[in-house]
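Undergrad: please find the sequence and the predicted model below.
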Amino acid sequence: MADLTLGLTRMGLMAPDLGSAMRPALDALVERTAAVGAGYFQLREGSLTFHARAASGEMPQGPMMEALLAHGLPAELPLLRALTGTPGALFFADTRDHVEAAGFPDLGVLALTAAPIHDGGGRLVGALLSHAFTSHEWTEEERALFAGVTGLLSLVAARLDAEEREQAAHEGALRVLGLTLEARDAETQGHTDRVTALAVRLGAALGLRGAELRALRWGAYLHDLGKISLPDAILHHPGRLDPPSRARMEEHVLDGARLVGQLPFLPQGALDVILSHHEWWNGQGYPHGLAGEAIPLGARIFAPCDVYDALVSERPYKRAWTHAEAVDYLAAGSGTQFDPAVVAALLQLAGDGPGQPA
């Protein structure tokens with residue numbers, strides 16, 4: 001038990017997200033008790049449902065289980081109401097004998113354990129469950145193992161749950177900032193969400209994961225934030241800008257970097273996208289004339305996505321290009337404006353279809 005607790009503690013402290021933290025513990029419950037399956041259900045922010053975040057072993061089958069996986073466990077479920085009012089784990093040898101376990105016999109679950117995960121304010125934010133399809137009197141050893149594992153995970157889960165909720169709040173605020181600029185520059189309506197989605201898909205195709213993808217996404221939300229400082233005469237100019245106006249327009253990159261520099265939670269990868277997405281592979285871009293791999297990867301990924309969406313979108317001074325025309329432009333800019341490897345990956349995503357690469 002001591003070795004297990006130490007191992008789970010190390011994994012929990014290093015885990016980047018709730019799913020990663022929970023899986024080793026769920027595996028341990030299935031391997032060391034009579035449970036044939038285990039799962040962790042987390043309260044979805046802004047809803048009254050608990051959704052599966054991690055699972056191990058054998059799960060119930062059938063339409064009812066499929067509905068629960070799709071829609072979550074409702075907060076009014078008797079078991080979740082019972083967990084709301086208890087600090088410790090609940091053990092059911094036979095769910096048919098307990099009103100708190102109502103609904104589980106219909107899933108074929110007869111033996112059940114359940115432990116609550118509370119946040120710092122005492123609110124139920126998660127439930128750790130393990131089950132068997134036959135009735136089973138949980139032994140003292142099994143209860144001790146379950147209590148030890150869930151006590152440890154309660155601390156880890158509460159921390160990670162709070163971090164995820166904080167990140168979700170940050171993400172919502174950053175997207176609103178991007179959409180606020182879009183509302184001022186009406187000709188780019190929808191650009192922020194479209195280009196963000198495309199950049200994230202391209203980043204994933206190039207191997208970005210987790211925090212790297214989040215940084216790319218946050219940078220994409222805010223990539224043109226500095227344009228909020230531009231006068232309308234420049235922002236809404238219908239044609240090519242004269243040199244002084246062009247120089248002022250290019251300053252929006254530095255303006256945006258200064259603005260987001262006031263956000264202490266913004267990762268460096270997001271700032272890189274904002275500051276460097278107008279740099280060119282051959283060093284002819286702005287604001288710093290970076291070249292090649294000196295340009296941060298996130299900016300190199302975002303740049304052709306930004307250009308693609310601008311090309312296929314109608315503007316007062318240009319028609320919307322076709323998908324084929326935009327793809328040809330990106331291919332022609334490979335090795336000069338854009339990172340060749342990034343363009344190759346984007347063109348592979350693009351295929352032959354019209355509109356946004358599919």
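TA: Good, I have the coordinates.
Undergrad: Tyr286 contacts His278, correct?
TA: Yes - counting by C-beta atoms under 8 Å, His278 is a contact partner of Tyr286 at 5.3 Å. Just so you know, the C-beta spots here come from the backbone N, C-alpha and C atoms, and that holds for glycine as well.
Undergrad: higher neighbour count, the two?
TA: Neighbours per residue, other C-beta atoms under 10 Å: of Tyr286 and His278, the larger number sits with His278, 19 against 16.
Undergrad: so what sits against both of Tyr286 and His278?
TA: Jointly contacting Tyr286 and His278 under the rule C-beta atoms under 8 Å, 6 or more residues apart in numbering are 250, 253.
Undergrad: sketch out the strands for the protein, chain order is fine.
TA: The residue ranges that make up the strands of the chain, judged by DSSP state E, are 37-43, 49-57, 73-74, 90-92, 111-118, 124-132.
Undergrad: what separation do you get for Val125 and Ala115?
TA: Here Val125 is placed at a distance of 12 Å from Ala115 (C-beta to C-beta, to the nearest Å).
Undergrad: need the residues that contact stretch 56-66.
TA: With contact meaning C-beta under 8 Å, 6+ apart, stretch 56-66 is reached by 23, 26-27, 29-30, 35-39, 106-109, 131, 133.
Undergrad: that should have said stretch 117-130, apologies.
TA: Judged by C-beta under 8 Å, 6+ apart, the contacts made with stretch 117-130 from elsewhere in the structure are 18, 22, 25-26, 29-30, 33, 35, 37-43, 50, 53, 73, 79-80, 83-84, 87, 112-116, 146, 150, 153-154, 157-158, 161-162.
Undergrad: so for it, what's the average pLDDT?
TA: Regarding stretch 117-130, the rounded mean pLDDT is 83.
Undergrad: can I get the CA coordinates of that stretch in PDB?
TA: Extracted C-alpha coordinates of stretch 117-130, given in PDB (Å, rounded to 0.1, in the frame of the first residue of the first chain):
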ATOM      1  CA  ILE A 117     -14.300  15.200  -4.800                       C
ATOM      2  CA  HIS A 118     -15.000  18.600  -3.300                       C
ATOM      3  CA  ASP A 119     -13.500  22.000  -4.200                       C
ATOM      4  CA  GLY A 120     -12.100  24.400  -1.600                       C
ATOM      5  CA  GLY A 121     -15.600  25.700  -0.900                       C
ATOM      6  CA  GLY A 122     -17.000  22.300  -0.200                       C
ATOM      7  CA  ARG A 123     -18.900  22.000  -3.500                       C
ATOM      8  CA  LEU A 124     -19.100  18.600  -5.100                       C
ATOM      9  CA  VAL A 125     -17.000  18.800  -8.300                       C
ATOM     10  CA  GLY A 126     -16.300  15.100  -9.000                       C
ATOM     11  CA  ALA A 127     -17.100  11.500  -8.200                       C
ATOM     12  CA  LEU A 128     -14.800   8.600  -8.300                       C
ATOM     13  CA  LEU A 129     -16.700   5.300  -8.800                       C
ATOM     14  CA  SER A 130     -15.700   1.600  -9.100                       C
END
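Undergrad: picking that back up, let me have the strands of the chain in JSON lines, extended by distance to Ala345.
TA: As requested, the strands of the chain are arranged in JSON lines below (distance: least, C-beta to C-beta, whole Å):
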{"stretch": "strand 37-43", "distance to Ala345": "33"}
{"stretch": "strand 49-57", "distance to Ala345": "30"}
{"stretch": "strand 73-74", "distance to Ala345": "39"}
{"stretch": "strand 90-92", "distance to Ala345": "50"}
{"stretch": "strand 111-118", "distance to Ala345": "39"}
{"stretch": "strand 124-132", "distance to Ala345": "37"}
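Undergrad: possible to save those as TSV with mean neighbour count and distance to Leu241?
TA: What follows is the strands of the chain, written out as TSV (neighbours: other C-beta atoms under 10 Å; distance: least, C-beta to C-beta, whole Å):
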stretch	mean neighbour count	distance to Leu241
strand 37-43	23	50
strand 49-57	20	49
strand 73-74	17	56
strand 90-92	20	68
strand 111-118	24	55
strand 124-132	24	51
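Undergrad: what about stretch 69-85, how long is it end to end?
TA: The first and last residues of stretch 69-85 sit 24 Å apart, counting by C-alpha to C-alpha, to the nearest Å.
Undergrad: work out the gap between that stretch and the centre of the chain.
TA: What separates the centre of stretch 69-85 from the centre of its chain is 24 Å, taken as C-alpha atoms, centre = their mean, to the nearest Å.
Undergrad: do stretch 335-347 as well
TA: Between the centre of stretch 335-347 and the centre of its host chain there is 25 Å, according to C-alpha atoms, centre = their mean.
Undergrad: what does that stretch contact?
TA: Under the criterion C-beta under 8 Å, 6+ apart, external residues in contact with stretch 335-347 comprise 202, 205-206, 280-282, 284-285, 295, 300-301, 303-305, 307-308, 327, 330-331, 333-334, 357.
Undergrad: export that stretch as CSV, just CAs?
TA: Output of stretch 335-347 as CSV, limited to C-alpha atoms (Å, rounded to 0.1, in the frame of the first residue of the first chain):
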residue,chain,number,x,y,z
GLY,A,335,10.3,29.0,-48.4
THR,A,336,9.9,32.7,-48.7
GLN,A,337,7.0,33.9,-46.6
PHE,A,338,6.2,30.6,-44.9
ASP,A,339,8.0,27.7,-43.3
PRO,A,340,8.0,25.0,-46.0
ALA,A,341,7.2,22.2,-43.6
VAL,A,342,4.3,24.0,-42.2
VAL,A,343,2.9,24.8,-45.6
ALA,A,344,3.3,21.2,-46.6
ALA,A,345,1.3,20.1,-43.6
LEU,A,346,-1.4,22.7,-44.2
LEU,A,347,-1.7,21.7,-47.9
